[in-house]
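Engineer: what follows is a predicted protein model with its sequence.
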Amino acid sequence: MPSPLSSTSRQPVPIDAHAADHLRYIRETMERAAEFTGVPGWGGVATGLTAFVAAYLASRQSSPSRWLSLWLAEAVLATAILAPAAAAKARRGAAGIFSGPGRRFALSFAPPVIVGALLTFVLVNAHLYAVLPGLWLLLYGTAIVTGGAFSVRVVPVMGVCLIGLGAAALFTPPAWGDLFMAAGFGGVHIGFGLWIALRYGG
């Protein structure tokens, strides 16, 4: 008569049976806990310098459409500086720019920027150019705060400064718009860019 123990006994589970699942869980947990450190400090400094030039040139334009074209060109130039700088810094940190933390940064950063582009189109069609400096600073600052939630602590602080400047720009004379743009896209980028470059590896 067979033993009850022998009939209910189970084959031993190999030690590596769930190893892949465990490693995947550990990797995903580490990615969720990691910070995105690819925010480029020196790229921010360079962008700030170009923003100072753009603010000076924009203040001398004779028509709103030329003013807008100049600032849109500055936005394209800033993107051309910051995107490669962020990718290079992320590679130096042995993590792709679209790794776990980088992907969350990008997905959080993008919505306010997209909203800003849509509202710019609407406001330009309504000839409300004077609102644009405050709007751009507010929504760019919001993008920095939301994306910065997945980065080092100084990044969302930078976003809060931009939001403050944007709020002030909405309630001051329209002629001050380029000054606020210079302070935000120029001064804030340079100040925080230097801090990030010196404290967080470039």
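Structural biologist: Great, that's in hand. Numbering: from 1, shown residues only.

Engineer: count of residues packed around Pro173?
Structural biologist: Neighbours of Pro173 under the rule other Cβ atoms under 10 Å: 9. C-beta: built from backbone N, CA, C; applies to glycine.

Engineer: and it, its phi and psi?
Structural biologist: phi -60, psi 140 (degrees, to the nearest 10).

Engineer: please tell me how far it sits from Leu57.
Structural biologist: Distance, Pro173 to Leu57, by Cβ to Cβ, to the nearest Å: 20 Å.

Engineer: report the mean per-residue pLDDT for stretch 92-106.
Structural biologist: Over the span of stretch 92-106, the pLDDT mean works out to 68.

Engineer: and for stretch 51-62?
Structural biologist: The model assigns stretch 51-62 a mean pLDDT of 95.

Engineer: which parts of it are buried?
Structural biologist: Ala51, Phe52, Ala54, Ala55, Leu57, Ala58 (16 or more other Cβ atoms under 10 Å).

Engineer: and if you look at stretch 192-202?
Structural biologist: Phe192, Gly193, Trp195, Ile196, Ala197, Tyr200, Gly202.

Engineer: and if you look at stretch 108-116?
Structural biologist: Buried residues in stretch 108-116, defined by neighbour count with 16+ other Cβ under 10 Å: Ser108, Phe109, Pro112, Val113, Gly116.

Engineer: want to throw those residues into a markdown table with secondary structure and distance to Leu68?
Structural biologist: Below are the buried residues of stretch 108-116 laid out as a markdown table (DSSP: H, G, I helix; E, B strand; the rest coil; distance: Cβ to Cβ, whole Å):
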| residue | secondary structure | distance to Leu68 |
| --- | --- | --- |
| Ser108 | helix | 27 |
| Phe109 | helix | 23 |
| Pro112 | helix | 20 |
| Val113 | helix | 17 |
| Gly116 | helix | 13 |
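
Engineer: looking at these, which one is closest to Pro64?
Structural biologist: Gly116 (17.7 Å; Cβ to Cβ).

Engineer: now do the contacts for the nearest residue to the closest one once chain neighbours are set aside.
Structural biologist: Spatially, and ignoring its direct neighbours in sequence, Gly116 is nearest to Leu139 (3.8 Å; Cβ to Cβ, 6 or more residues apart in numbering). Counting by Cβ atoms under 8 Å, 6 or more residues apart in numbering, Leu139 touches Pro112, Val113, Val115, Gly116, Leu119, Gly166.

Engineer: hang on, Leu139 in a helix?
Structural biologist: Yes: if the criterion is DSSP: H, G, I helix; E, B strand; the rest coil, then Leu139 is within a helix.

Engineer: relative to Trp42, how far out is it?
Structural biologist: 25 Å.

Engineer: please apply the same query to Ser108.
Structural biologist: Ser108 sits 23 Å away from Trp42, taking Cβ to Cβ as the criterion.

Engineer: ok, and the closest residue to Met158 other than its chain neighbours, which helix or strand is that part of?
Structural biologist: Among residues not flanking Met158 along the chain, Phe192 sits closest, at 4.2 Å (Cβ to Cβ, 6+ apart). Phe192 belongs to helix 189-199 when assigned by DSSP states H and E.
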